[in-house]
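Student: Sharing a model that was predicted from the sequence below.
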There are 2 protein chains.
Amino acid sequence: MSGFPQRCLDCLVRDTALCSSMDDQELATLSEIGRRRVVHAGAVVNWAGDASTSCANVVSGALKLTASTADGREQIVGLLYPGDFVGQIFTDQTSLTITSLVDTDLCVFPRAGFERVLDEHPRMERMLLERTMASLQEAQGRMLSLGRKSTRERVASFLLEVADRTGSRDETGTIRVHVPISRGEMADYLGMTIETVSRQLTLFKTAGAITYARGDRDCTILDRGHLEAIAFPDR
Amino acid sequence: MSGFPQRCLDCLVRDTALCSSMDDQELATLSEIGRRRVVHAGAVVNWAGDASTSCANVVSGALKLTASTADGREQIVGLLYPGDFVGQIFTDQTSLTITSLVDTDLCVFPRAGFERVLDEHPRMERMLLERTMASLQEAQGRMLSLGRKSTRERVASFLLEVADRTGSRDETGTIRVHVPISRGEMADYLGMTIETVSRQLTLFKTAGAITYARGDRDCTILDRGHLEAIAFPDR
DNA sequence: CGGAACGTTGAGCATAATCAACGACTGTGG
DNA sequence: CCACAGTCGTTGATTATGCTCAACGTTCCG
């Protein structure tokens, strides 16, 4: 079957990634230039400053995007999940370091080829535009958090954010949440130190709003209202 | 002369705004739906939460984009200058308050009409995509600043930023800078208080890196290297 | 068993916020 | 013309938030 993208047929993100803007016919052109790549946990996919030669869709797993100062301070500026697009196109140099948080599958495209496909597929370009705008809006919310919220508010917001993305609610109203990152990464995401993250979590646990086993990345939200009241103070 | 956009002919941003992606012919369709609007200093152009019914190009002047918490804390998430595009398209509700910093001319389009023009003009859509990506990258840099830099570093970076955008250098190497915003707005931009901004500026003045008349928005950078060393510490 | 990585907790400290007072400048009204 | 209030910026004193430094417990591996 000529050019029919076998690999794409059973792809986990066929209907959520940028590919979902293409029909099976169109997908052939994209499929031709894409290659699957497995990235093991903790590996750096791209260093800030590298030439921008490729981009990708996240198929499974998770990535973090970090910006850093010359003296080594780090800020996580984004977390990416299956279906998300990664890469800095239309520019020759990257500004972010990309690291996998867990074993991750990528569908990688050479940048030049991807840009050519984009030229010819307005629906995909539109989808990318909408997603870029959504990322920008998310970034604006995070600027508000980083600039104006207390550490307590930021930790509470973060837990709710993760709960909304991946949490599963049981019949008693408790929400099981898997926090995909370490304390250190939470700190880098929230613009604070490991110690402060740990202390704030302990305070929430003491207050009965959450529980978790010591050092564990699984967390149960017992009192969502409590966290919401802290994350979004009305006055 | 059929549909030839008279108003656009002598437009100050004909060659820098999104319009620069269109030839005179194409511009007619955009011109038809655009209307000039003058916004006086301090006026709110849009409140966060309003329906997203229009968008615009900044023709002259300057705008600030602010995000805020329910209890009134504000963070400036962007400053817009002539040639910049304003508005949240592809979404029905706005999330940002837009305020003019000085008397500002806008070229306003109804959102629906603008989106239709975008559908039909891939070069303009591409330009908007590139600009949105640039805004996102800028936002990522600001997340790093807000999350990981000291107030001193942030104020120094800000002065350099403004100098690079609008500063004029004279023969002795000093740079005249007009800071387009009040101390309060600098604080909102940099995620700190008015008092801290003032103190950091005083420190730079005392150190001989800058001068300014008390309370003035015009500032002279005497020692760019000093500010750079503070803004970008190497170790 | 030893070491490394990670998380927690405590003590002390520094940075920046808060609270307060004051000076300079602007525009208004007497 | 001056008195006045209002806004904005500066400066000082005090407080609190969150960082730094340090110690220690746990878990996971070799």
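Tutor: Received, thanks. Numbering: from 1, shown residues only, chains lettered A, B, ... in the order given.

Student: thinking A:Gln75 is in contact with A:Ala187, fair?
Tutor: No. The pair A:Gln75 / A:Ala187 is not scored as a contact, 10.1 Å apart, by C-beta atoms under 8 Å. From N, CA and C alone the C-beta is placed, and that goes for glycine too.

Student: Just name the shakiest helix or strand of chain A by mean pLDDT.
Tutor: Lowest on mean pLDDT, DSSP states H and E among the helices and strands of chain A sits strand A:168-169, with a mean of 78.

Student: Between A:Gln75 and A:Ala187, tell me which one has more neighbours.
Tutor: Shown here are A:Gln75 and A:Ala187; by other C-beta atoms under 10 Å in any protein chain shown, A:Gln75 has more neighbours (25 against 22).

Student: Can you list the strands that the strand or helix carrying the more buried one pairs with?
Tutor: For A:Gln75, the element it lies in under DSSP states H and E is strand A:74-80. Sheet pairing of strand A:74-80 (DSSP bridges) gives strand A:63-68 (antiparallel).

Student: check whether the strand it pairs with contacts DNA strand C.
Tutor: No. Strand A:63-68 is not in contact with DNA strand C by C-beta under 7 Å from any atom of the strand; minimum separation 13.5 Å.

Student: That strand and DNA strand D, are they touching?
Tutor: No. On the criterion C-beta under 7 Å from any atom of the strand, strand A:63-68 is out of touch with DNA strand D, staying 14.7 Å away.

Student: pLDDT of that strand, averaged?
Tutor: Taken as a whole, strand A:63-68 has a mean pLDDT of 97.

Student: buried residues in that strand?
Tutor: Going by neighbour count (16 or more other C-beta atoms under 10 Å in any protein chain shown), the buried part of strand A:63-68 is A:63-68.

Student: can you give me the helices in chain A?
Tutor: With helices called from DSSP state H, chain A shows them at A:6-9, A:24-33, A:111-120, A:122-148, A:151-166, A:183-190, A:194-206, A:224-231.

Student: Give me the contact list for the shortest one.
Tutor: The set of residues external to helix A:6-9 that reach it, using C-beta atoms under 8 Å, 6 or more residues apart in numbering or on different chains, is A:14, A:19, A:24, A:27, A:31, A:34, A:36.

Student: Can I get that helix in CSV, CA atoms only?
Tutor: Extracted in CSV, the C-alpha atoms of helix A:6-9 (Å, rounded to 0.1, in the frame of the first residue of the first chain):
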residue,chain,number,x,y,z
GLN,A,6,1.7,1.9,8.8
ARG,A,7,3.5,3.3,11.9
CYS,A,8,0.9,6.0,12.3
LEU,A,9,-2.1,3.7,12.2
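
Student: quick one on the thing from earlier: quick one: contacts of the strand holding A:Gln75?
Tutor: So strand A:74-80 is contacted by A:58, A:62-68, A:86, A:96, A:101, A:135, A:138-139, A:142, A:180-181, A:185, A:188-189, A:191, B:140, B:143-144, B:147-148 (C-beta under 8 Å, 6+ apart).

Student: what's the angle between it and helix A:122-148?
Tutor: In terms of direction (axes from the mean of the first three to the mean of the last three C-alpha atoms, to 10 degrees), strand A:74-80 departs from helix A:122-148 by 140 degrees.

Student: check whether strand A:74-80 contacts DNA strand C.
Tutor: No. Strand A:74-80 stays clear of DNA strand C (C-beta under 7 Å from any atom of the strand), getting no nearer than 13.7 Å.

Student: Does A:Asp84 touch A:Ala56 like I think?
Tutor: No. The pair A:Asp84 / A:Ala56 is not scored as a contact, 9.4 Å apart, by C-beta under 8 Å.

Student: So for those two, which sits in the more crowded spot?
Tutor: Regarding A:Asp84 and A:Ala56, a neighbour count based on other C-beta under 10 Å identifies A:Ala56 as having more, with 27 against 19.

Student: residues contacting the more buried one?
Tutor: Neighbouring residues of A:Ala56 by C-beta under 8 Å, 6+ apart: A:37, A:85-87, A:106-109.

Student: Equivalent analysis for A:Lys149, please.
Tutor: Contacts of A:Lys149 by C-beta under 8 Å, 6+ apart are A:157, B:69, B:73.

Student: Among the residues you listed, name the buried ones.
Tutor: A:157, B:69, B:73.

Student: And for the last one, nearest residue in space, chain neighbours not counted?
Tutor: Think B:Arg73. Distance criterion C-beta to C-beta, 6 or more residues apart in numbering or on different chains; nearest residue to B:Arg73, sequence neighbours excluded, is A:Arg148 at 4.3 Å.

Student: what's the distance between A:Asp71 and B:Ser150?
Tutor: Separation of A:Asp71 from B:Ser150 (C-beta to C-beta, to the nearest Å): 12 Å.

Student: Tell me which of these two has more neighbours.
Tutor: Higher neighbour count among A:Asp71 and B:Ser150: B:Ser150, with 13 against 10, using other C-beta under 10 Å.

Student: so how far is B:Ile230 from the more buried one?
Tutor: 9 Å.

Student: nearest to B:Ser168, of the buried residues of strand A:63-68?
Tutor: A:Ala67 (30.1 Å; C-beta to C-beta).

Student: Tell me the residues of chain A that contact DNA strand D?
Tutor: Residues of chain A lying near DNA strand D (C-beta under 7 Å from any atom of the strand): A:150-152, A:191-193, A:195-196, A:214-215.

Student: how about JSON lines for the contacts of A:Lys149, with distance to A:Cys8 added?
Tutor: Listed next are the contacts of A:Lys149 as JSON lines, based on distance: C-beta to C-beta, whole Å:
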{"residue": "A:Ser157", "distance to A:Cys8": "37"}
{"residue": "B:Thr69", "distance to A:Cys8": "43"}
{"residue": "B:Arg73", "distance to A:Cys8": "46"}
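
Student: which one of those residues is nearest DNA strand C?
Tutor: B:Arg73 (8.6 Å; C-beta to the nearest atom of the strand).

Student: How about the contacts made by that closest one?
Tutor: In this structure, B:Arg73 makes contact with A:144, A:148-149, judged by C-beta under 8 Å, 6+ apart.

Student: Tell me where the model's unsure across chain A.
Tutor: A:1-5, A:235 (pLDDT under 70).

Student: Now list the buried members of the contacts of helix A:6-9.
Tutor: Buried among the contacts of helix A:6-9 (16+ other C-beta under 10 Å): A:14, A:19, A:27, A:31, A:34.
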